[in-house]
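Q: all I have is the shape, not the residue letters:
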């Protein structure tokens, strides 16, 4: 029994380590890049992460690219009356000693013309272009869709 508990604890801690991953570029930290698993017929997806700026100067995310999609764009959601719509944005500011989140229903990197299905457990490279920190390649983990699949407008 104790052996089973110990083995379960080790497996749980290892699975937590694979979910929590971060990347650094100068004063910036890119925390937990992820995308949601989608049906194999989906031609679009989105990538999410949190940007932390530990420096004394603001930086800006200017764009993104990945070999798994024909095109990647920075997007946000805006309210137009009672409807939420996606809108392309030119950049996203990361304030000095602050953070900016890329989350479902908010800022995100929209991936168009996917070249392969995104399956839970897979990962793919995503290059983020910052004004000051330059290009940073991160690994995006594909996570299983939640049981209650909320609508993202994608």
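A: Nice, thanks for sending it over. Being a predicted model, the structure only gives us computed values, none of them experimental. Numbers count the residues shown, from 1 in each chain.

Q: contact partners for the residue nearest the centre of the chain?
A: Centroid check for the chain by Cα atoms, centre = their mean gives residue 48 as the closest residue, at 2.1 Å. Neighbour list for residue 48: 33-35, 102-104, 108-109 [criterion: Cβ atoms under 8 Å, 6 or more residues apart in numbering]. To be clear about C-beta, it is placed using only N, CA and C from the backbone, and glycine gets the same treatment.

Q: just flag the most distant two among the residues you listed.
A: The span of the contacts of residue 48, defined through Cβ to Cβ, is set by 33 and 104 at 13.7 Å.

Q: name the residue in these two with the higher neighbour count.
A: Neighbour totals were compared for residue 33 and residue 104, and residue 33 leads with 23 against 14 (other Cβ atoms under 10 Å).

Q: what about the nearest residue to the residue nearest to the centre of the chain once chain neighbours are set aside, neighbour count?
A: Distances taken as Cβ to Cβ, 6 or more residues apart in numbering place residue 102 nearest to residue 48, at 4.9 Å, with adjacent residues excluded. When counting by other Cβ under 10 Å, one arrives at 24 neighbours for residue 102.

Q: residue 102 contacts residue 34, correct?
A: No: the pair residue 102 / residue 34 is not scored as a contact, 9.8 Å apart, by Cβ atoms under 8 Å.

Q: which residues do these two both contact?
A: 47-49.

Q: sheet partners, orientation included, of the strand ranked longest in the chain?
A: As assigned by DSSP state E, the longest strand anywhere in the chain is strand 69-80. Sheet pairing for strand 69-80, assigned by DSSP bridges, gives strand 83-88 (antiparallel), strand 108-114 (antiparallel).

Q: give me the contacts around it.
A: Residues outside strand 69-80 that contact it (Cβ under 8 Å, 6+ apart): 45-47, 61, 63-66, 84-92, 105-115, 126, 153.

Q: just the buried subset of these, please.
A: 45-47, 61, 64-66, 86, 92, 107-111, 114, 126 (16 or more other Cβ atoms under 10 Å).

Q: on that earlier part again, what bridges to the residue nearest to the centre of the chain?
A: For residue 48, the beta-bridge partners are residue 34 (DSSP bridges).

Q: before we move on, what about residue 99?
A: Under the criterion used (DSSP bridges), residue 99 bridges to residue 52.
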